[in-house]
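> sequence and predicted model, in that order:
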Amino acid sequence: MKHLLTTKELTRDEAELILDVTEQMAEAVTGREVPKLPALRGRTVVNLFFEDSTRTRTSFETAAKRLSADVVNFAAKTSSVNKGESLRDTALTLQAMGADAVVIRHPAAGAPQRLTEWIDGAVLNAGDGTHAHPTQALLDAYTMKRRLGSVEGRTVAIVGDILHSRVARSNVWLLTKLGANVRLVGPPTLLPKDIGEWPVEIGYDLDASLKGADAVMMLRVQRERMHAAFFPTANEYARLYGLDERRLKLLPDHAIVMHPGPMNRGMEIAATVADSPRATITEQVTNGVWVRMAVLYLLLTNGEAR
Amino acid sequence: MTDLLIKGADLIGKGRKDLLVRDGRVAEIGSITAKGAETVDADGLVLLPGLVDLHTHLREPGREDAETVHSGTRAAAKGGYTAVCAMANSHPVADTAGVVEQVAALGKAAGYADVQPIGAVSVGLEGRQLAEIGAMAQSAANVRMFSDDGHCVWDPILMRRALEYVKTFGGLIAQHAEEPRLTEGAQMNEGAVSAELGLPGWPSVAEEAIIARDVLLAEYTGARVHFCHVSTARSVDIIREAKARGANVTAEVCPHHLLLTDEAARTYDPVYKVNPPLRREADVAVLRGALAEGVIDAVATDHAPHAPQDKDCEWAAARPGMLGLETALSITVLALGGPSAVDWDVVAERTSRTPARIAGLEAHGRDPQPGTEANFTLVDPAATWTVVPADLASLSRNTPYAGMELPVTVQATFLRGRATVLNGKIAEETTE
């Protein structure tokens, strides 16, 4: 692995290696007085964020620092779409500064892939447009593994705005690769066209899709979507596709409730559900740091010196 | 001007003839010996009437860093073209007599191909107020074709009025068929590939809905409409049915829509970003069939040069469009069955005669006869070439065919008897 751009391009072995190393990272750091490993000492990791995302940036920053890397936060508020500096010029600048890895978050799908053409360091996709968010999917898989014992053979319902969700796309490829059954659930307006070939079940009825699910992943839905006629009102969306207490009871007892955050309480998820013991939302955040440590470590050391 | 003797050219694939050119016109066809004439050995070469492009972006005035009339017509000559129709989306927009006359004058000065300006339908291509279509028609540029290309004439009342208005002088509207609300933010063909790549989809129905509407408007008003860059199988169906009813409609297809598919977007390389977008394999097959059959009347390049910074970026930030003039003939031949199987008469029909007729360019698209203007090109059907962006005559480099080996080379192009290209190279002295 030179870069991590999508989960689709990962082999099953690579995905499982990342999850194994994630576990090792968690074990190595948890409970230590100084929660730091020396693995990436002297390496520079640049966080190149073209979108505001304090959560993801902080997670990557924490992960890199726990591996003793030097972290540079490069907040590029305006992309070339807004006539700021072009992505290529930014890339050439980072290249000249000698970044060993660039963690990029960008509103344009494919921007991380373009970046690999301009810099020598490892490129780690921290979310590109509605395309991919591989570390989110990896931390979701890791969370399932911890809470459910395995991913293989499990049934996962991903609910909501699939069309605009890079989290959903990355989870589809990763979870099916790891042997899970994936159900995509949402109104037809929020499902991409022509996904008949995807290795998933597609449903419009949330109640039906919750039956027998081991995990349900609720996606954030932007209220503004109603202005583009994706759904009539936030209330109707919540009624048809929100996870409330009644629907929680439709799930098997062992099933977990996931959300990549940030949540719209009362929209896609009821507050009581979000705060219930079955919700793994804060655990996902913790696991995100381990996963990002694992990925940074594997990309920057080729897994040597383990 | 000394006489020019073309020896042994295969005239549009119908047999070898010699051809004598005097004072810019064909003087004689047959078996000719002419002393003192400059002789071009055309053994093994096919002679085609000079190609005519209905859809060229020359970028001048306004974006001379991407292309000029001079560089664009040099690219045209190298591709076998003797006439190009320059689209109106320059800066300033070609929406007045002054701008279209300027573009025509630049074409004359360059001398590599005749440049026929296309006028804008609406002021500033904004789709609100009709441009001074009559003034452009009566100008020295003699504009007959009008288009807001790059933008759809979306407003049905503006489209109706424009269609009616151009009837006064037998003009036509070339429609960029794209329902704007259905393509807001669209980046590539909507389908399985866009679903995976997370690039906002450009539904085929956005094109088909406008074509269907404009077919009906053309029939209702009795006016002429021409559809630019038709890209979907259903569009072909609609046009086929319209023609069967006798509607006064014509259509063009671009070479890239005859060869490339949306799979190319997987690279996220914006060299493959184009409007309308690259479609599915099934669309390519239908477009090829429709071109062979004549439901699609013409090949048009939609030659769209862009400066490096407009393509060397992320997909969403890139401008749509690709180069086409220097590769169009090769790809047309490929799409029509390849150099050994192709019917050269069909090639001549789709790349020269019909587009010349649509654009009203009477001196072009004519098979050589004694008395016709000597506008033709000599192509080598047996040769192949590899597309090297740096070798192109265009100022820009945004060809999607870089590194591809293509059939058929243009050996020579003649505009009124004067070589604009000879031995595969652009002739540098060009003043008439």
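Noted; the coordinates are in hand. What you are looking at is a predicted structure, and each value in this text was computed from that prediction instead of being measured. Residues are numbered from 1 along each chain as shown, chains lettered A, B, ... in the order given.

> what helices and strands are in contact with the longest helix that chain B contains?
Assignment by DSSP state H gives helix B:204-221 as the longest helix of chain B. Using 3 or more CB pairs under 8 Å, 6 or more residues apart in numbering or on different chains; DSSP states H and E, the elements in contact with helix B:204-221 are helix B:156-165, strand B:172-175, strand B:225-227, helix B:233-244, strand B:249-253. Glycine gets a C-beta too; all of them are placed from N, C-alpha and C.

> buried ones in that helix?
B:204, B:206-215, B:217-219, B:221 (16 or more other CB atoms under 10 Å in any protein chain shown).

> list the contacts of the residue in the stretch 151-300 of chain A that chain B sits nearest to.
Here the stretch 151-300 of chain A gets closest to chain B at one residue, A:Pro192, 3.5 Å apart by CB to the nearest CB. A:Pro192 is in contact with A:162-163, B:194-195, B:201, counting by CB atoms under 8 Å, 6 or more residues apart in numbering or on different chains.

> now the longest helix of chain B - C-alpha only, PDB.
Below are the C-alpha coordinates for helix B:204-221, written out as PDB (Å, rounded to 0.1, in the frame of the first residue of the first chain):
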ATOM      1  CA  SER B 204     -29.200  11.200 -20.300                       C
ATOM      2  CA  VAL B 205     -32.800  12.400 -20.100                       C
ATOM      3  CA  ALA B 206     -31.600  16.000 -19.700                       C
ATOM      4  CA  GLU B 207     -30.500  15.900 -23.300                       C
ATOM      5  CA  GLU B 208     -33.400  13.800 -24.600                       C
ATOM      6  CA  ALA B 209     -36.100  16.000 -23.000                       C
ATOM      7  CA  ILE B 210     -34.800  19.000 -24.900                       C
ATOM      8  CA  ILE B 211     -34.300  17.200 -28.200                       C
ATOM      9  CA  ALA B 212     -37.900  15.900 -27.900                       C
ATOM     10  CA  ARG B 213     -39.200  19.400 -27.200                       C
ATOM     11  CA  ASP B 214     -37.200  21.000 -30.000                       C
ATOM     12  CA  VAL B 215     -38.300  18.400 -32.500                       C
ATOM     13  CA  LEU B 216     -41.900  19.400 -31.700                       C
ATOM     14  CA  LEU B 217     -41.100  23.100 -31.800                       C
ATOM     15  CA  ALA B 218     -39.400  22.600 -35.200                       C
ATOM     16  CA  GLU B 219     -42.400  20.800 -36.600                       C
ATOM     17  CA  TYR B 220     -44.800  23.400 -35.100                       C
ATOM     18  CA  THR B 221     -42.900  26.400 -36.400                       C
END
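
> closest to chain A out of the helices and strands packed on helix B:204-221?
It is, among the helices and strands packed on helix B:204-221 and with distance given as CB to the nearest CB, helix B:233-244, at 14.7 Å.

> list the buried residues in the closest one.
Neighbour-count burial for helix B:233-244 [16+ other CB under 10 Å]: B:233-239, B:242-243.

> helix, strand, or coil at B:Leu54?
strand (DSSP: H, G, I helix; E, B strand; the rest coil).

> correction: the previous question concerned A:Ile202.
Here A:Ile202 is strand, with the state taken from three-state DSSP.

> so what pLDDT did it get?
Predicted confidence (pLDDT) at A:Ile202: the value is 97.

> for the nearest residue to it once chain neighbours are set aside, name its beta-bridge partners.
Once flanking residues are discounted, A:Ile202 sits nearest to A:Leu184: 5.2 Å by CB to CB, 6 or more residues apart in numbering or on different chains. Beta-bridge partners of A:Leu184, counted by DSSP bridges, are A:Ile158, A:Ile202.

> could you do B:Ala9 as well?
On the basis of DSSP bridges, B:Ala9 is bridged to B:Lys17.

> mind listing what's buried in stretch A:154-168?
For stretch A:154-168, the neighbour count (16+ other CB under 10 Å) marks A:154-168 as buried.

> narrow these to those in strands?
A:155-159 (DSSP state E).

> now for those, which pair is the farthest apart?
The most widely separated members of those are A:Thr155 and A:Val159, with 12.9 Å between them, by CB to CB.

> can I get the contacts of A:Pro192 in a markdown table with distance to A:Thr130?
As requested, those are exported to a markdown table (distance: CB to CB, whole Å):
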| residue | distance to A:Thr130 |
| --- | --- |
| A:Ile162 | 10 |
| A:Leu163 | 7 |
| B:Ser194 | 10 |
| B:Ala195 | 10 |
| B:Gly201 | 11 |
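
> helices along the chain, start to end?
No chain in the question, so chain A it is. So, for chain A - with DSSP H - the helices run A:12-29, A:54-66, A:87-97, A:111-115, A:134-148, A:166-177, A:206-210, A:234-241, A:245-248, A:271-274, A:281-301.

> to clarify, I was referring to chain B.
Using DSSP H, helices in chain B cover B:69-78, B:97-110, B:133-138, B:156-165, B:192-197, B:204-221, B:233-244, B:281-293, B:328-335, B:344-348, B:354-359.

> if we can go back for a sec, now the helices and strands packed on helix B:204-221 in JSON lines, with mean pLDDT and distance to A:Ala255?
Output for the helices and strands packed on helix B:204-221, formatted as JSON lines (pLDDT from 0 to 100; distance: least, CB to CB, whole Å):
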{"stretch": "helix B:156-165", "mean pLDDT": "98", "distance to A:Ala255": "53"}
{"stretch": "strand B:172-175", "mean pLDDT": "98", "distance to A:Ala255": "54"}
{"stretch": "strand B:225-227", "mean pLDDT": "98", "distance to A:Ala255": "54"}
{"stretch": "helix B:233-244", "mean pLDDT": "98", "distance to A:Ala255": "44"}
{"stretch": "strand B:249-253", "mean pLDDT": "98", "distance to A:Ala255": "53"}
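
> make a markdown table out of those and add distance to chain A.
Converted to a markdown table, the helices and strands packed on helix B:204-221 look like this (distance: least, CB to the nearest CB, whole Å):
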| stretch | distance to chain A |
| --- | --- |
| helix B:156-165 | 21 |
| strand B:172-175 | 25 |
| strand B:225-227 | 24 |
| helix B:233-244 | 15 |
| strand B:249-253 | 23 |
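
> show me which residues of the stretch 201-350 of chain B sit near chain A.
Neighbours of chain A within the stretch 201-350 of chain B, by CB under 8 Å from any CB of the partner chain: B:201, B:203, B:267-269, B:309, B:312-317.
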